[in-house]
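[1] I need the structure of the sequence given here:
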Amino acid sequence: MTTPTPPSFNSLADVSAQPRRFLDHLFQAAVTRALPLANTARFLPAPPTPESGGRTIVIGAGKAGGAMAQAVEAHWPADAPLEGLVVTRYHHVPPRPKGLPRRIEVVEASHPVPDEAGQAAAGRILAMVQGLTENDLVLCLISGGGSSLLALPAEGLSLEEKQAVNKALLASGANIGEMNCVRKHLSRIKGGRLAAACAPARVVTLTISDVPGDDPSVIASGPTVPDSSSCADAVAILQRYGIEVPGAIMSLLEQGALETPKPGDALFDGHEVHLIATPQQSLEAAAEAARAAGLAAYILSDEIEGESREVGKVHAALARAVARKGQPFQKPCVILSGGETTVTIRKQPPGVAKGRGGRAGEFCLGLALGLQGQPGVYALAADTDGIDGVEDNAGAQVAPDTLERAVAAGMKLDAYLDRNDAYGYFERLDDLVVSGPTYTNVNDFRAILIL
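    Okay, the predicted model is just below:
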């Protein structure tokens, strides 16, 4: 099991002596860069003037929601009124700094499958922004995970039916853009509909990106920004992955009756959207930490998508080329990447238990398979929110002796891949990365150290 707070690394000798702890160090550098408290102040708008009588209402959803609300409370003028409601994932409310006044209510709900608590919170948020005036300010705090946490199904769709669609999407291998396209069109609050409900108030959205490309309309299904996707797109995605929805809802989609507000709509005039933290910024922070230790650092991309195990194999091929041939990079070095991969859940024969794990763990299985014990290569893959899927780990680590130790324990990697059981594999090896909730979320983080 990894140590959350590694020591300082000031030289290549330090890294070589503790490669696993050094990878933890890079992960913590990436997470720290994305924490809301350090990234919020410069994007806050001025409060409404007392003369205007305007209110400031804070709303929002996401895994970073609790930390974002605390950041606003910490930086908002003490004499300016502030109220609101933000929903975050269960157990993702950070410890409250001593002396910080509580001005924004934070509630918890389920992720990745929505529940009644999320539905109730979404309903309260929608009611909270009714009847606002042009003198009012709505500050919307959005981060990854908001799609599930802000659950308000379209008219005629029950929460149970929405849950079933969500589960099917998660198991289908659909990417985040495809999943959120469907979610937008099956919602009363996503895809810009929340902004429409706020009219004519001014809306300022602060968001932490967890999606490839940093498109605000994809982050948490873009409740306060215009949506360029269509009902026809949602239908095509449902058909592509064989996902069923109630017949009446499919008819509404096919008729275009569940369309979302589009770019150019006047309701978005005067609104602002600010990205306060992104995956690229976190990768750059990790690269800086690596260079400070005397290593070259290379960022492949912050937008890598694809099947997790296959992405792991591609990374392994690159690492082996560096280790063996010095191409395309010279060792020692660190290779970094981010994005959002996917896991397609394999159907199991009767009597075979379904595996446990998430994208980061499955990437590590594919990576270990591709590396085949390559000497001098160590790796870490983790989700920056601290939770890989629905387990208690952020991800896992791979070392040159990973396969050797697994074989000695009677474990066959292929069997674990077949049942999507990355958690079971790395738990037995004591190679899980366990950080606990980080209170932010800039998606996948991957670091490969080649000595």
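
[2] mind listing the strands for the chain?
    56-61, 83-89, 105-109, 137-143, 202-208, 272-277, 296-299, 333-339, 377-383, 395-398, 432-433, 444-450 (DSSP state E).

[3] out of these, flag the one nearest residue 405.
    strand 395-398 (11.0 Å; Cβ to Cβ). Quick note: C-beta positions are derived from backbone N, CA and C, even for glycine.

[4] other SSEs contacting that closest one?
    helix 359-371, strand 377-383, helix 422-428, strand 432-433 (3 or more Cβ pairs under 8 Å, 6 or more residues apart in numbering; DSSP states H and E).

[5] got TSV for these, with mean neighbour count too?
    Formatted as TSV, these follow (neighbours: other Cβ atoms under 10 Å):
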stretch	mean neighbour count
helix 359-371	28
strand 377-383	28
helix 422-428	24
strand 432-433	26
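
[6] need these in JSON lines with mean pLDDT and distance to residue 12, can you?
    Putting the helices and strands packed on strand 395-398 into JSON lines (pLDDT from 0 to 100; distance: least, Cβ to Cβ, whole Å) gives the following:
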{"stretch": "helix 359-371", "mean pLDDT": "98", "distance to residue 12": "21"}
{"stretch": "strand 377-383", "mean pLDDT": "98", "distance to residue 12": "14"}
{"stretch": "helix 422-428", "mean pLDDT": "97", "distance to residue 12": "27"}
{"stretch": "strand 432-433", "mean pLDDT": "98", "distance to residue 12": "23"}
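
[7] returning to that earlier point: kindly reformat the strands of the chain as TSV containing distance to residue 173.
    Rendered in TSV, the data for the strands of the chain read as follows (distance: least, Cβ to Cβ, whole Å):
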stretch	distance to residue 173
strand 56-61	25
strand 83-89	23
strand 105-109	25
strand 137-143	24
strand 202-208	25
strand 272-277	27
strand 296-299	26
strand 333-339	15
strand 377-383	18
strand 395-398	20
strand 432-433	24
strand 444-450	16
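
[8] tell me which of those sits most buried.
    strand 395-398 (a mean of 31; mean count of other Cβ atoms under 10 Å).

[9] which neighbours does that strand have in its sheet, and in what orientation?
    strand 377-383 (antiparallel), strand 432-433 (antiparallel) (DSSP bridges).

[10] put the alpha carbons of that strand into CSV.
    Output of strand 395-398 as CSV, limited to C-alpha atoms (Å, rounded to 0.1, in the frame of the first residue of the first chain):
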residue,chain,number,x,y,z
GLY,A,395,-5.5,3.2,-8.7
ALA,A,396,-2.5,0.9,-8.6
GLN,A,397,1.2,0.6,-9.2
VAL,A,398,3.3,-1.6,-11.5
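
[11] quick one: mean pLDDT for that strand?
    Here strand 395-398 scores 98 as its mean pLDDT.

[12] before we move on, back to that, for the strands paired with strand 395-398, could you give me a markdown table that also reports distance to residue 308?
    Converted to a markdown table, the strands paired with strand 395-398 look like this (distance: least, Cβ to Cβ, whole Å):
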| stretch | distance to residue 308 |
| --- | --- |
| strand 377-383 | 9 |
| strand 432-433 | 15 |
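
[13] out of those strands, nearest to residue 440?
    That would be strand 377-383 among the strands paired with strand 395-398, by Cβ to Cβ, at 10.8 Å.

[14] one step back: which among the strands of the chain is found nearest to residue 118?
    Short answer: strand 105-109, nearest of the strands of the chain by Cβ to Cβ, at 3.4 Å.
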